[in-house]
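Q: can you look at this prediction? I've put the sequence above it.
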Amino acid sequence: MAVPQAQAFLQQALAHHQAGRLAAALPLYARARSLAPGSFDAHHLGGAAALQAGQSEEAVLLLSKALRLNARVALTHMWHGMALAQLGQHGPAEISLRKSLELDAKNVDAWTNLGAVYSFTGKIADALDTYRKASALKPRDARLHSQIGTLLHLQQDHAGAIAQHTAALSLDPNYAKAYLGRAQARLGSHRPAEALADFDACLTRTPDDLEARSYRLMLLNYLSEISREELFAEHVEYGRYAQNAAGAQPLSNSHRGSPKRRLAFISPDLRAHSVAFFLEPLLQNIDRTHFEIILYHDHFVTDATSERLRSHTSLWRNFVGKPHAQVAAQIRTDAPDILVDLAGHTGMNRLPVFAQRVAPVQISYLGYPNTTGLSTMDYRFTDAIADPPGDSDALHTEKLIRFAPCAWTYQPPADAPASGPLPCLQGNPFTFGSFNNLSKVNAFTLRLWASVLRAVPGSRLMLKSFGLDADHLRARFLTTGLDPERVVLLPPAATTAEHLACYHRVDVALDTFPYHGTTTTCEALWMGVPVITLHGDRHASRVGCSLLNAIGHPEWIAQDGDDYVRIALQFFQSHQTLAALRSTLRSELAAGTLMNHRAHAAAFADALARL
């Protein structure tokens, strides 16, 4: 009687399953398995239902048993691979998905899931090839064209990415993710106005898309025409959507009674990235008698920098590819006393996790030059120059903690080359340079730089960035009065040492506005190149002011456009002063506040102790 009863339960379970009633289907599948433990269907279908219900571990167990009973069903291998991927077991997931495709090479879902696994593990070329195979099987699937566009964007093929997202939108004009992907590609090719239009088109269709809202907020920081009050309102709007999505999440765990406080940092940039240049000296010097360090990485790249950072921790996890709910649950289990976000509204951020209140104290620091907009982000660590008391407080949802004279402490790369001689004394034209992300370079900045070149006869401007499109940039230069013939464009360098060596061709660096450079400013200074910055009315346009004050050169801070040009002209007229700076600026940095790592870490720890 067991087998007929098992079959009856199986049929009932399948009916509920097909109707989407997973809660009803799962126990019926379990009854069928208890009566017929050798039933392939009960394990195969039960595993699929568990996968759909988010019970990944149970799904792996059931589908593994189903494969032992019958290893020739492509769908079982596919579901098994999907469940493994959800658990972060990408190597075994790849094996299962490839086996599925050996059995059925025309299964588009298997191809797309394999592509996702490749993406999560950083195998971008393999992922691209896989999605192209899926698209060949289903050429009118807008989702597949858009995914190919996203991967092309990661490969810096912005034109190809834009074409693929546009193809997706021709198939489905309301596919919001294609607008988001095209916006990112347009921003990557330094077309901010077109990118903003696409972000807005995405949010018109999916207003609760927090990823799109974050990318859009990042772009708004680049624009000179938006007021700081308008920018604050945009961030508050993000916070409203994030808090609504998070709902009420009471927090019960805390380690406040232990001798050490558990201090956790989360970022997708715990690798060879600008954030690490400022985080590493902090971790190296923070008092371990009072803090236990946890690092949450969130990127498919784990490199030598990651391993150095990891050496300072008691716990390291990589959350790449995991849904926000799973990340939130894990952090709650780890129970940090303090959780520090190092990403803000930059890519791959976890602000939706912070919206759920996963730690007793939540802090924004380092990676983003503005408020998060979250009411659950308790504090933002900064300094009194970037955020003057009484001026910036009302424009943040966080309480501002001005914990140090300068909010940053810089650690230059170990392989940085020597500074070298002054280029203009070697028979070269006097060269101004900016190695900032060109997306920061708006019309205001270009007009300002055009004024500098007009004031300094025979000078040129050297720009170095990714996503260079000479024809597009030439048109932008002409509309802002900047002579394209006096501009030199440099593509990204292969290594950090090669990147820094490009400063051997620059006499004076020019900062962007309103979004100042941070790492780029520190790198220029380390290479003996002074930086001219323009003081503004918000954190993003005061970062350069804080950095220059920290090295004792506030005279390089301009108060308006005319002052900016005056300082540039003064440098041009003082070749010997520039030559001397070339050899002394590095030692000035090393002796100053900006590189006093121990004092900075002590100030950071002291501020945490007072929270």
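A: Good, I have the coordinates.
Q: just give me how far whichever strand or helix holds Leu461 sits from the chain centre.
A: Per DSSP states H and E: Leu461 is located in strand 460-464. Remark: strand 460-464 is offset 26 Å from the chain centroid, using CA atoms, centre = their mean, to the nearest Å.
Q: what of stretch 377-386?
A: 20 Å.
Q: from Ala264, how far off is Leu315?
A: For Leu315, the distance to Ala264 equals 8 Å [CB to CB, to the nearest Å]. Placement of C-beta: from N, CA and C, glycine included.
Q: between those two, point out the one with more neighbours.
A: Ala264 (23 against 14; other CB atoms under 10 Å).
Q: tell me the secondary structure of that one, please.
A: strand (DSSP: H, G, I helix; E, B strand; the rest coil).
Q: could we number from 100 for the rest of this?
A: Let's use 100 as the start, then, which means that last one is Ala363.
Q: which helix or strand lies directly C-terminal to the strand or helix carrying Arg685?
A: In this assignment (DSSP H and E), Arg685 forms part of helix 674-690. Using DSSP H and E, the helix or strand that follows helix 674-690 towards the C-terminus is helix 696-708.
Q: tabulate the CA atom coordinates of that following helix in PDB.
A: In PDB, the C-alpha atoms belonging to helix 696-708 read as follows (Å, rounded to 0.1, in the frame of the first residue of the first chain):
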ATOM      1  CA  HIS A 696      48.400  56.300  10.700                       C
ATOM      2  CA  ARG A 697      48.800  55.600  14.400                       C
ATOM      3  CA  ALA A 698      47.200  58.900  15.500                       C
ATOM      4  CA  HIS A 699      44.400  58.400  13.000                       C
ATOM      5  CA  ALA A 700      43.600  54.900  14.200                       C
ATOM      6  CA  ALA A 701      43.700  56.100  17.800                       C
ATOM      7  CA  ALA A 702      41.200  59.000  17.000                       C
ATOM      8  CA  PHE A 703      38.900  56.500  15.200                       C
ATOM      9  CA  ALA A 704      39.000  54.100  18.200                       C
ATOM     10  CA  ASP A 705      38.400  56.900  20.600                       C
ATOM     11  CA  ALA A 706      35.400  58.100  18.700                       C
ATOM     12  CA  LEU A 707      33.900  54.600  18.600                       C
ATOM     13  CA  ALA A 708      34.400  54.300  22.400                       C
END
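Q: tell me where the model's unsure across the protein.
A: Residues of the chain meeting the criterion pLDDT under 70: 100-101, 347, 349, 351-357.
Q: am I right that Gly180 is in contact with Val216?
A: Yes. Between Gly180 and Val216 there is a contact at 7.3 Å, judged by CB atoms under 8 Å.
Q: joint contacts of those two?
A: 192-193, 196 (CB atoms under 8 Å, 6 or more residues apart in numbering).
Q: most surrounded residue in these?
A: Going by other CB under 10 Å, Leu196 tops these with 30 neighbours.
Q: what's the spacing between that residue and Ile247?
A: Counting by CB to CB, the gap from Leu196 to Ile247 is 18 Å.
Q: returning to what we had before: what about the shared contacts of Gly180 and Val216, which are in strands?
A: Judged by DSSP state E, the shared contacts of Gly180 and Val216 include no members of strands.
Q: could you dump these to JSON lines with distance to Asn384?
A: What follows is the shared contacts of Gly180 and Val216, written out as JSON lines (distance: CB to CB, whole Å):
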{"residue": "Ala192", "distance to Asn384": "40"}
{"residue": "Glu193", "distance to Asn384": "40"}
{"residue": "Leu196", "distance to Asn384": "45"}
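Q: restricted to helices, list those.
A: Within the shared contacts of Gly180 and Val216, residues falling in helices by DSSP state H are 192-193, 196.
Q: for Gly472, state which of those residues is nearest.
A: Of all these, Ala192 has the smallest distance to Gly472: 35.4 Å, by CB to CB.
Q: contacting residues for the closest one?
A: Contacts of Ala192 (CB under 8 Å, 6+ apart): 180-181, 183-184, 216.
Q: same question, Leu499
A: Leu499 neighbours (CB under 8 Å, 6+ apart): 478-479, 481, 486, 491-492.
Q: just the CA trace of the helix or strand containing it, in PDB.
A: In the assignment (DSSP H and E), Leu499 maps to strand 498-501. The C-alpha coordinates for strand 498-501 follow below in PDB (Å, rounded to 0.1, in the frame of the first residue of the first chain):
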ATOM      1  CA  LYS A 498      24.800  62.200  13.200                       C
ATOM      2  CA  LEU A 499      28.100  63.600  12.000                       C
ATOM      3  CA  ILE A 500      31.200  62.600  14.000                       C
ATOM      4  CA  ARG A 501      34.200  64.800  13.300                       C
END
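Q: could you pull out the strands for the stretch 400-549 of the chain?
A: Per DSSP state E, counting those that start in this stretch, the stretch 400-549 of the chain carries strands over the ranges 414-417, 437-440, 460-463, 478-481, 498-501, 530-533.
Q: can you give me the buried ones in the fourth one?
A: Residues 478-481 are the ones in strand 478-481 that count as buried (16 or more other CB atoms under 10 Å).
Q: looking at those, which is nearest Leu567?
A: Checking the buried residues of strand 478-481 one by one against Leu567 (CB to CB), the nearest turns out to be Thr481, at 32.8 Å.
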